[in-house]
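**Student:** quick check, what structure comes out for this input:
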Amino acid sequence: PEASSSQPSMPAPQPAPQPALGMQEVYDRAFAALTQGEFAAAIQGFDVVTLQATEPEMRGAARELARLARRYMDSGVNLSHGSAPSQAVQAPLPTKTLRSDDDEPNAGRAEFVVSTTLAAFYAGIAFDILLNIDDFRGATLLVTAATAGGFVGSLQGSKGRRITGGMSSAYSLGIGIGLGNALLMASPLGFSNDEDLFVSSGLVGIMVGGTAAMVLADQAQPTRGQMTFTSTLSLMGIASTGLGLLIVQPDLSSDGYLTLMTLGLDAGLVAGVALSPGLNWSTSRANLVNLSAFLGAVGGFGAMALIGGTPDNDQEGRIFASSVLLGIWGGFGLGVHFTKDMSPDKRFAEDHPVAIMPTVVGDAPGLSVMGTL
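**Tutor:** Now for the predicted structure:
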């Protein structure tokens, strides 16, 4: 008969021990190689035992130890040994990078869509004013269409894009800061007398603030906790400036007051941006500190209201303002102090070491691993 031109498939080569070695000796040598950090040799020996040992306990132990050795080798782990043979070998397990849920690529998508939709709602009102639409139905249609466009556009445009929780929080803060600066400075810049310029400045502030914040956050990758802290300092900056002006009552025009309020807002923002990279706060801690500052303000006002009643003159007004100002910063400080034991953001969580110690599985020696992944 005519010979077939196809070649028979050859079976994959199987690891085999040296003939002079029994299974127990192969296992012991693989075990010793594993404890010495020689993972390739350990894997080869354990594979031999897994395939050729007759005792089920030894095969099972060898299979699991080979899997452990492969995991160590893939992760580039180096084992450091103690000075005494009985001392447990301390080494970190092959660990995954501990990340906050907010660091997931789409964690901030929902907040991004919400912030963009609200900005689009403002844009609809602004365009209604700029286009001088007097018809009620037409004005309503324009605002509705702008809002819907912002929602659909941001929802579809953000699909598949990386928007972490920190990026979306920065984006929301940038929109708020941009709009706040534009509206506060409208009068000092002479825009308040022109309705079109006034609403246009708000639009520009939103676009510039949101875009700049998103670009910077994409590079710096802040956490939500860091951005909440920055937002808190921004609000405390403008509140402290306003209360300080009530206390001092300088001889300034209304434009001068608005300019100083804007500077207070931006000073708080700059302080937050400068200090937040050094913080490991979780979002929960940042929110509690923010709440503490607000409760401090309410407490300061409430205490003076109970003590002195309604302020009837400038002097009593200064006392009220001073009490609220002290309450804000006192609440902030107490919030920082009483939340100091809260767990940090998962991005900054430390990996836990584990101990690897000899043990016996059935009649076969093995390794026990203790620790936390």
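
**Student:** contacts and neighbour counts: CA atoms only from here.
**Tutor:** OK.

**Student:** all strands for the stretch 1-150 of the chain, in order.
**Tutor:** For the stretch 1-150 of the chain, applying DSSP state E, counting those that start in this stretch gives strands covering 89-91.

**Student:** in it, where is pLDDT below threshold?
**Tutor:** 1-21, 76-100 (pLDDT under 70).

**Student:** please, where are all the helices along it?
**Tutor:** 23-35, 39-52, 56-75, 109-130, 136-157 (DSSP state H, counting those that start in this stretch).

**Student:** which of those is buried the deepest?
**Tutor:** helix 39-52 (a mean of 22; mean count of other CA atoms under 10 Å).

**Student:** need the residues that contact that one.
**Tutor:** 15-17, 23, 26-27, 29-34, 58-60, 62-63, 65-67, 69-70, 72-73 (CA atoms under 8 Å, 6 or more residues apart in numbering).

**Student:** hmm, 6 Å instead?
**Tutor:** Residues outside helix 39-52 that contact it (CA atoms under 6 Å, 6 or more residues apart in numbering) are 15-16, 26, 30, 33-34, 59, 62-63, 66, 69.

**Student:** out of the residues you listed, flag the one nearest to L131.
**Tutor:** A69 (70.9 Å; CA to CA).

**Student:** and D345, how many neighbours?
**Tutor:** 23 (other CA atoms under 10 Å).

**Student:** circling back: for the helices of the stretch 1-150 of the chain, which one sits closest to Y171?
**Tutor:** That would be helix 109-130 among those, by CA to CA, at 7.2 Å.

**Student:** about what we covered before: quick one: closest of the helices of the stretch 1-150 of the chain to A286.
**Tutor:** Taking these one by one with CA to CA, helix 109-130 is closest: 17.4 Å.

**Student:** for the closest one, packing partners?
**Tutor:** helix 136-157, helix 165-184 (3 or more CA pairs under 6 Å, 6 or more residues apart in numbering; DSSP states H and E).

**Student:** got a list of what P344 touches?
**Tutor:** P344 touches 280-282, counting by CA under 6 Å, 6+ apart.

**Student:** let me have the residues you listed in CSV, adding pLDDT, secondary structure and distance to Q226 as columns.
**Tutor:** Converted to CSV, the contacts of P344 look like this (pLDDT from 0 to 100; DSSP: H, G, I helix; E, B strand; the rest coil; distance: CA to CA, whole Å):
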residue, pLDDT, secondary structure, distance to Q226
N280, 92, coil, 8
W281, 94, coil, 7
S282, 93, coil, 8
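
**Student:** give me the element the nearest residue to G256 once chain neighbours are set aside is part of.
**Tutor:** Spatially, and ignoring its direct neighbours in sequence, G256 is nearest to P188 (7.5 Å; CA to CA, 6 or more residues apart in numbering). Counting by DSSP states H and E, there is no helix or strand that carries P188.

**Student:** residues near P188, how many?
**Tutor:** Neighbours around P188, by other CA under 10 Å: 16.

**Student:** thinking again about what came up before, so which of the contacts of helix 39-52 comes closest to R161?
**Tutor:** Nearest to R161 among the contacts of helix 39-52, with distances taken as CA to CA, is A69, at 37.2 Å.

**Student:** residues contacting the residue positioned nearest the centre of the chain?
**Tutor:** Central residue of the chain (CA atoms, centre = their mean): T223, 2.9 Å from the mean position. Taking CA under 6 Å, 6+ apart, we find T223 in contact with G166.

**Student:** use 12 as the first number from now on
**Tutor:** Noted, 12 is the first residue going forward, which turns the last one into T234.

**Student:** what's the spacing between it and K170?
**Tutor:** Per CA to CA, to the nearest Å, T234 is found 21 Å from K170.

**Student:** returning to that earlier point: Serialize the contacts of helix 50-63 to TSV and add fields for distance to G221.
**Tutor:** Converted to TSV, the contacts of helix 50-63 look like this (distance: CA to CA, whole Å):
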residue	distance to G221
P26	61
A27	65
V37	65
A41	59
A44	57
L45	54
R70	61
A73	57
R74	55
A77	52
A80	49
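
**Student:** and which of those residues is nearest A316?
**Tutor:** A80 (69.6 Å).

**Student:** now the closest one. Nearest residue, chain neighbours left out?
**Tutor:** F50 (5.4 Å).

**Student:** about what we covered before: phi and psi next, for the residue nearest to G267.
**Tutor:** Dihedral pair for P199: phi -60, psi -30, per degrees, to the nearest 10.

**Student:** sec struct for P322, please.
**Tutor:** coil (DSSP: H, G, I helix; E, B strand; the rest coil).

**Student:** wait, doesn't R235 sit right on T175?
**Tutor:** No - in this structure, R235 is not within contact of T175 by CA atoms under 6 Å, at 8.8 Å.

**Student:** quick one: common contacting residues for the two?
**Tutor:** What both R235 and T175 touch, as defined by CA under 6 Å, 6+ apart, is an empty set.

**Student:** what distance do you get for N298 to A181?
**Tutor:** 15 Å.
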